[in-house]
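Chemist: sequence plus the predicted model coming up.
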Amino acid sequence: MHHAHANESLERLEKVVAALVACLLVTSLGIGFVGPASATNSLERDAQGSVLDDMAGSGTAEDPYQITNATELQAMNEDREAHYALANDIDASETSDWNRGDGFDPIGSYEEGDGFRGTLDGQNHTITGLKIDRQSTAAVGLFAVLNGGTVEHLTLKDVSITGEQVVGGSVGSARNSATIDDVSVSGTINAESGYAGGVVGTVSESTVVGAHSSADVSAKQHAGGLAGVVSGGTVQLSTATGDVAVTDIVAGGAFGEVLKESSINRVYARGSVTGSSGIGGLIGTNYQNEISNAYATGEVTGDNEFGALLGVDQKGGTTSNLYWNEQTAGVSNSVGSGSDVGTAVSTDEMQGASSKTALSGLKFDQVWATTDSYPVLRDEIESVSLRAPDQLIVSHTGETSVRVTLADGRTVTATETASYDSNQSFLSVDGGVLDASGTGMVEVTASVGGHPDSNTVSVVTPPDISVESRSLRYDSVGSETAAPVDVTLTNDGGADGEFDVVLSINGTTEQTRTVTVPGHSTTTVQLNYSAPATGTYPVAVNGTDLGDLTVVEEPETSVASASVSKRLLAVGNGTTVEATVENAGDAAAGQTVELTAGGETVATKDVVVPADGTTVSFDYTADSTGEYDLSVGGTSAGTLTVAEMGSVSVESVSVPESVEAGASYEVTVTLANSGGLPLNSEVAYNVGGTSVGTQTAEVPADGTTVTFEATAPEGSESIDHAVTTGDAEWTGSSTVAIETATAESSGDGSDGGSTGDGDGASNDGDSAATTSGDGPGFGVGAALVALLALVAATRYRRR
């Protein structure tokens with residue numbers, strides 16, 4: 001029994017040891033199993049952690065997650081009840097390659113209770129190029145299902161979204177009191193089966209406000225520019241301008257089908273609508289709902305039951321203030337099946353200022369705004385831009401232009417319909433036309449739908465330009481030289497103006513130059529005349545004689561001397577090269593003067609050299625190091641040396657080995673120049689942090705030395721030296737023993753003076769080697785040996 005018990009104990013021990021050995025092996029090889037976190041696609045990080053963990057924000061209403069890219073946009077699927085906000089515009093074009101071409105995975109799903117219940121605030125940012133291609137999936141959009149959640153202040157630009165059914169640009173299905181507010185969509189939306197909308201596929205007991213779509217929408221059935229189907233929902237202050245097409249039934253410029261207990265108010269549709277039946281410019285099929293304050297202008301095409309406003313209208317609801325364009329609709333009735341509703345108006349009546357009268361049921365002062373085209377909602381106006389002339393001549397008229405940018409990215413003009421204001425009574429604006437009766441600076445403001453913009457206009461007197469002076473620069477020129485004629489014009493008026501300068505030779509117009517002269521200013525212009533041969537030529541400008549021009553054989557000219565202002569130059573800096581050009585004749589002569597550097601031409605100037613000669617200057621900038629022989633017209637200007645601009649450093653510092661207290665001593669500082677040009681640098685010497693003196697030293701390319709004189713302090717055992725110059729610093733210090741003047745003085749002088757190496761580095765004294773502290777300590781191998789020894793000893797005792 002005793003041996004049996006021992007055997008059992010040993011077996012248990014062996015099992016424990018085996019387990020420990022396994023643990024140790026796993027520990028020793030752990031890095032091979034775990035390894036560092038690798039940079040994988042964040043869409044595949046389920047096993048490694050949440051993308052949300054790396055995002056700014058905590059997901060609360062007060063601190064929403066901050067979305068900065070398409071991957072983080074997709075991460076909303078990780079928490080469908082959290083709060084999110086776009087931190088910037090997002091380029092989502094990469095989604096076209098995601099999921100083997102299926103693209104972005106819509107947030108949420110069509111299963112009950114699995115929709116998005118949080119919020120996404122776009123903060124007026126834009127998502128561009130979102131791609132979804134899921135032809136067999138129901139509920140497709142940025143959000144598959146918005147289940148009581150909110151999407152707001154967001155623009156989706158150039159999207160391409162395809163699904164099987166219930167497809168929208170921003171949301172597939174909005175239900176259970178969901179909210180879509182201030183959302184715009186452009187691009188293409190397609191449902192292989194049906195229920196497609198530019199902004200949302202279906203709306204059920206939810207609210208859509210301030211939604212705008214310019215997307216083209218297509219489906220087999222039930223498609224709308226804004227929504228495919230609205231059931232028990234409210235849509236207002238929204239617009240649709242894209243085209244809508246179905247291959248079968250039910251399509252509307254704004255809504256495919258509107259079911260009972262829904263409200264549609266303050267919307268318009270501008271796109272064309274095509275399909276088989278139940279086709280309307282505004283709504284395909286309406287079932288007893290409240291439809292008010294809306295208009296449609298698109299062309300409607302169908303086989304039966306199609307109308308300019310409604311394809312099918314089931315009685316029982318109410319309609320008011322509905323309008324349609326009888327010239328663009330392509331049909332003569334407003335309703336395809338049911339009694340006609342609304343008012344037919346012409347294009348001219350619906351556009352411009354006349355729309356206020358023709359569409360009188362709409363509230364233009366509160367909700368709508370007129371433009372040069374069709375009316376727009378005041379809420380969809382993003383900005384207004386006024387352009388007015390900078391300058392207007394008094395008693396003349398000028399024109400402005402006003403451009404309005406809308407929420408869906410469209411722009412329209414409102415030049416004739418904008419409201420204008422001027423801060424000066426002498427300038428009025430009517431229909432975009434400025435009319436001024438006085439002079440001065442005027443601020444003009446244009447407003448559309450409560451959105452203003454201003455420009456400043458300078459109203460000035462007309463231009464009043466005259467010739468102030470005119471002259472022949474030279475009475476005589478060489479036959480190969482163009483004679484310059486100088487004319488000065490003065491404008492005494494306030495407005496810029498143009499003046500024709502006419503040069504005549506021997507009574508015949510030779511040249512006409514149109515010159516612009518700014519208001520209240522003077523402008524000088526040079527005309528040149530090249531005579532066909534030697535001789536005498538009478539010259540006149542604008543009818544005023546300037547005398548005779550004598551043309552002789554071309555005199556010889558040459559460069560007599562040349563010089564350079566700086567012979568030593570840093571790369572990138574400039575110098576001036578000046579040359580004296582002589583004329584051997586009695587008439588002005590032309591010459592092309594050439595500057596060369598190192599034998600290569602770097603600049604040329606065409607000059608006219610008068611009889612008494614002239615000087616020519618060139619600005620030359622060096623772009624590389626080296627020595628360059630400069631010459632002008634073959635005459636040497638000297639050699640230019642170009643070098644890099646260096647910096648000054650402390651090469652070494654020399655101090656005495658010992659000095660008596662109160663005695664004077666010298667410190668010699670050797671300065672080095674890393675470049676090839678002399679530099680000025682301020683050198684400072686201090687002892688124990690106290691300044692002893694400063695000097696400004698000129699440091700040539702080969703360096704220099706600076707000497708300081710100082711007095712050793714009384715009663716101190718050492719002197720600590722420090723030298724700085726510019727950004728360089730000698731941080732090492734040398735200790736100097738103090739030899740006292742009395743017999744009682746002590747000190748072995750072992751800490752004598754030294755010469756620093758000037759490398760700018762100081763030793764912090766921490767020369768001890770350190771380890772990382774990451775070693776395994778006792779060691780896996782040692783542990784294994786100890787355990788195996790324990791087993792062997794136990795077996796030995798057993799024997």
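Modeler: Done, it's in. What you see is a predicted model; the values in this text were computed from it and never measured.
Chemist: is Asp606 in a helix, a strand, or coil?
Modeler: Recorded secondary structure, Asp606: strand (DSSP: H, G, I helix; E, B strand; the rest coil).
Chemist: meant to ask about Ser96, not that
Modeler: helix.
Chemist: buried set for stretch 73-86?
Modeler: If you call a residue buried by 16 or more other CB atoms under 10 Å, then stretch 73-86 has these buried ones: 73-80, 82-86. C-beta here means a position set from N, CA and C on the backbone, and glycine is covered the same way.
Chemist: what do you get for stretch 362-370?
Modeler: Counting neighbours by 16+ other CB under 10 Å, stretch 362-370 gives Leu362, Val367, Trp368, Ala369, Thr370 as buried.
Chemist: stretch 246-262 now?
Modeler: Those would be 246, 248-259, 261-262, for stretch 246-262 by 16+ other CB under 10 Å.
Chemist: which parts of this structure are helices?
Modeler: 2-28, 30-33, 70-74, 347-350, 355-358, 780-798 (DSSP state H).
Chemist: looking at those helices, which has the lowest confidence?
Modeler: Within the helices of the chain, confidence is poorest for helix 30-33, with a mean of 32 (mean pLDDT).
Chemist: farthest pair within the buried residues of stretch 246-262?
Modeler: Greatest spatial distance among the buried residues of stretch 246-262 (CB to CB): Asp248 and Glu261, at 25.9 Å.
Chemist: residue nearest the centroid of this protein?
Modeler: Centroid-nearest residue in the chain, with CA atoms, centre = their mean: Asp89, separated by 11.3 Å.
Chemist: okay, and the helix or strand of the protein with the least pLDDT?
Modeler: helix 30-33 (a mean of 32; mean pLDDT, DSSP states H and E).
Chemist: tell me who's in contact with the residue nearest to the centre of the chain.
Modeler: His125, Thr126, Ile127, Thr128 (CB atoms under 8 Å, 6 or more residues apart in numbering).
Chemist: once you drop chain neighbours, what's closest to the last one?
Modeler: Once its chain neighbours are removed from consideration, Thr128 has its nearest residue in Lys157; the separation is 4.6 Å (CB to CB, 6 or more residues apart in numbering).
Chemist: do the same with the first one
Modeler: Take His125 and drop its neighbours on the chain: the residue closest to it by CB to CB, 6+ apart is Leu86, 4.1 Å away.
Chemist: give me the below-cutoff pLDDT ranges for the stretch 51-200 of the chain.
Modeler: Low-confidence segments of the stretch 51-200 of the chain (pLDDT under 70): 112-113.
Chemist: how about the strands in it?
Modeler: 65-67, 83-86, 90-91, 119-128, 131-140, 143-147, 150-168, 171-175, 179-197, 200-204 (DSSP state E, counting those that start in this stretch).
Chemist: would you format the ones you listed as TSV with distance to Thr524 included?
Modeler: Below are the strands of the stretch 51-200 of the chain laid out as TSV (distance: least, CB to CB, whole Å):
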stretch	distance to Thr524
strand 65-67	60
strand 83-86	57
strand 90-91	53
strand 119-128	52
strand 131-140	62
strand 143-147	69
strand 150-168	53
strand 171-175	68
strand 179-197	55
strand 200-204	68
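Chemist: out of those strands, the one nearest Asp612 is which?
Modeler: strand 90-91 (68.7 Å).
Chemist: hmm, who's touching the closest one?
Modeler: With CB under 8 Å, 6+ apart as the test, strand 90-91 has contacts from Ile67, Thr68, Asn69, Ala70, Leu73, His125, Thr126, Ile127, Thr128, Gly129.
Chemist: flag the shaky bits of this protein, pLDDT-wise.
Modeler: Looking at the chain by pLDDT under 70, you get 1-49, 112-113, 731-799.
Chemist: can you rerun that using 80?
Modeler: Applying pLDDT under 80 to the chain flags residues 1-49, 110-113, 315-317, 657, 714-717, 731-799.
Chemist: out of the strands of the stretch 51-200 of the chain, which is closest to Ser214?
Modeler: Between the strands of the stretch 51-200 of the chain, strand 179-197 lies closest to Ser214; by CB to CB that is 4.7 Å.
Chemist: helices or strands next to the closest one in the packing?
Modeler: Helices and strands touching strand 179-197, by 3 or more CB pairs under 8 Å, 6 or more residues apart in numbering; DSSP states H and E, are strand 131-140, strand 150-168, strand 200-204, strand 207-213, strand 216-224, strand 227-231, strand 255-258.
Chemist: for stretch 321-331, which positions count as buried?
Modeler: So, applying 16+ other CB under 10 Å, buried residues of stretch 321-331: Asn321, Leu322, Tyr323, Trp324, Asn325, Glu326, Thr328, Ala329, Gly330, Val331.
Chemist: how far out from the middle of the chain is it?
Modeler: 43 Å (CA atoms, centre = their mean, to the nearest Å).
Chemist: Asp86 and Val159, how far apart?
Modeler: In this structure residue 86 is Leu, not Asp. 15 Å (CB to CB, to the nearest Å).
Chemist: give the contact list for the residue nearest to His125.
Modeler: By CB under 8 Å, 6+ apart, the neighbours of Leu86 are Gln66, Ile67, Leu120, Asp121, Gly122, Gln123, His125, Ile127, Leu154.
Chemist: neighbours around the second one, how many?
Modeler: Same thing as Ile67. 27 (other CB atoms under 10 Å).
Chemist: likewise for the third one?
Modeler: Here the count is done by other CB under 10 Å, and Leu120 has 28 residues near it.
Chemist: ok, back up a step: for the residue nearest to His125, which residues count as its bridge partners?
Modeler: On the basis of DSSP bridges, Leu86 is bridged to Ile67.
Chemist: repeat for Val467
Modeler: Note on Val467: beta-bridge partners by DSSP bridges are Leu489.
Chemist: could you do Ile505 as well?
Modeler: The partner residues for Ile505, given DSSP bridges, come to Thr508, Val539.
Chemist: again with Ala562
Modeler: Residues in a beta bridge with Ala562, per DSSP bridges, are Ala579.
Chemist: right, and the strands of the stretch 51-200 of the chain - which one's nearest Val433?
Modeler: strand 179-197 (33.7 Å).
Chemist: tell me the angle that closest one makes with strand 131-140.
Modeler: Interaxial angle of strand 179-197 relative to strand 131-140 (axes from the mean of the first three to the mean of the last three CA atoms, to 10 degrees): 90 degrees.
Chemist: so which bits of strand 179-197 are buried?
Modeler: Within strand 179-197, the residues scored as buried using 16+ other CB under 10 Å are 179-197.
Chemist: next: stretch 478-489.
Modeler: Buried residues in stretch 478-489, defined by neighbour count with 16+ other CB under 10 Å: Gly478, Ser479, Thr481, Ala482, Ala483, Pro484, Val485, Val487, Leu489.
Chemist: show me which pair in these is furthest apart.
Modeler: Checking the buried residues of stretch 478-489 with CB to CB, the most distant pair is Ser479 and Leu489, at 30.2 Å.
Chemist: returning to that earlier point: most neighbours of all the contacts of Asp89, which one?
Modeler: Ile127 (25 neighbours).
Chemist: now stretch 216-236, how far from the chain's geometric center?
Modeler: Chain-centre distance of stretch 216-236: 37 Å, with CA atoms, centre = their mean.
Chemist: any idea how far apart the tips of it sit?
Modeler: One end of stretch 216-236 to the other measures 20 Å (CA to CA, to the nearest Å).
Chemist: now swap in stretch 310-327 and tell me
Modeler: Terminal residues of stretch 310-327 lie 17 Å apart, using CA to CA.
Chemist: contact partners for Thr614?
Modeler: Thr580, Val581, Val607, Val608.
Chemist: try it again with 10 Å
Modeler: Taking CB atoms under 10 Å, 6 or more residues apart in numbering, we find Thr614 in contact with Thr557, Ala579, Thr580, Val581, Glu582, Asn583, Ala588, Gln591, Val593, Val607, Val608.
Chemist: much appreciated, bye for now.
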